[in-house]
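Chemist: what would the 3D arrangement of this be:
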Amino acid sequence: MRPAIFKVNIVIFISLVFVFSGCSHTTNSAKTPAASANPPAAENKYSHEIVALKSVVQQNSNAAETKKAHLELAHLYLNHKNPQRNYQQALEHLRTYFAIEDVSINEDTLNWMAALKEIDRLSEEITQAQNELEKANQTTLAVQRTNQKLTREEIMLREKNRKLEESNQKLEKTIELLKNLDQRLEEKRKTFTN
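Modeler: Purely as a prediction, here's the structure:
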């Protein structure tokens, strides 16, 4: 039951990301052919806009402009044309946007917030799974090293065991020879005493 719900959530989430990442609210959205034709220029364009908006956020005391800058930063970090998309930064700026007083919240922005929260949650789950995988890989390597060590020890013990068996067989032969010798000596002694 849970995997089916998880798959449905993933499909909804991916659909939301595609729908909302297509809604670009940047000032140069009409220049899409130039941006897609020249990826380094597009990267540079987004970087410059992000730097400019961050300076507005840091230096501006006007709440309306700061609020607008946070929303635009969220859009830039989320934009599908931005080669350096950062969903966590988009979520952070959207949360800051919501935290500013007198914010009128529209349906699209709420949908973005929900999608970004889901991305953030899934990113944390992925990070946790990667950490668990790394621990499992380390444990596997430790077990393999221990197994190799035990295999070497087993080989050495088998060799010692083989040598002890050979020594034991030699001793048994020697004991057998000594018994035979003792019997002959006993027979000779009996013959001399009679």
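
Chemist: mind checking the SS state of the most centrally placed residue in the chain?
Modeler: For the chain, the residue sitting closest to the mean C-alpha position, by C-alpha atoms, centre = their mean, is Q130 at 1.9 Å. Classification of Q130 using DSSP: H, G, I helix; E, B strand; the rest coil returns helix.

Chemist: from L116, how far off is it?
Modeler: Distance of Q130 to L116, computed by C-beta to C-beta, to the nearest Å: 21 Å. (Glycine included, C-beta is placed from N, CA and C.)

Chemist: next secondary structure after the particular helix or strand that has S47 in it?
Modeler: Applying DSSP states H and E as the criterion places S47 in helix 39-59. The first helix or strand that comes after helix 39-59 along the chain, using DSSP H and E, is helix 63-78.

Chemist: next one: that next one to chain centre, how far?
Modeler: 31 Å (C-alpha atoms, centre = their mean, to the nearest Å).

Chemist: which parts of that helix are buried?
Modeler: For helix 63-78, a neighbour-count test (16 or more other C-beta atoms under 10 Å) marks 66-78 as buried.

Chemist: okay, buried residues for the helix holding S47 please.
Modeler: Buried residues in helix 39-59 (16+ other C-beta under 10 Å): A42, K45, Y46, E49, I50, L53, V56, V57.

Chemist: the fifth one touches L78, doesn't it?
Modeler: No: shown here, I50 and L78 do not form a contact pair, counting by C-beta atoms under 8 Å, at 11.7 Å.

Chemist: ranges for the helices of the protein?
Modeler: For the chain, the helices defined by DSSP state H cover 2-21, 32-37, 39-59, 63-78, 87-99, 107-193.

Chemist: how far away is N161 from E154?
Modeler: Relative to E154, and taking C-beta to C-beta, N161 is found at 10 Å.

Chemist: kindly report the same for N194.
Modeler: Distance from N194 to E154, by C-beta to C-beta: 59 Å.

Chemist: try T140
Modeler: T140 is 20 Å from E154, by C-beta to C-beta.

Chemist: also E132?
Modeler: Applying C-beta to C-beta to E132 and E154 gives a distance of 32 Å.

Chemist: also L133?
Modeler: Distance from L133 to E154, by C-beta to C-beta: 31 Å.

Chemist: then M113?
Modeler: Counting by C-beta to C-beta, the gap from M113 to E154 is 60 Å.

Chemist: what about the two, which has more around it?
Modeler: M113 (18 against 10; other C-beta atoms under 10 Å).

Chemist: for E134, see how far away the more buried one is.
Modeler: Counting by C-beta to C-beta - M113 and E134 are separated by 31 Å.

Chemist: need the mean per-residue confidence for stretch 111-120.
Modeler: Taken as a whole, stretch 111-120 has an average pLDDT of 86.

Chemist: residues of it that come out buried?
Modeler: In stretch 111-120, counting by 16+ other C-beta under 10 Å, buried: W112, M113, A115, L116, E118, I119.

Chemist: turn those residues into TSV, columns for distance to E172.
Modeler: Listed next are these as TSV, based on distance: C-beta to C-beta, whole Å:
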residue	distance to E172
W112	87
M113	86
A115	82
L116	82
E118	77
I119	77
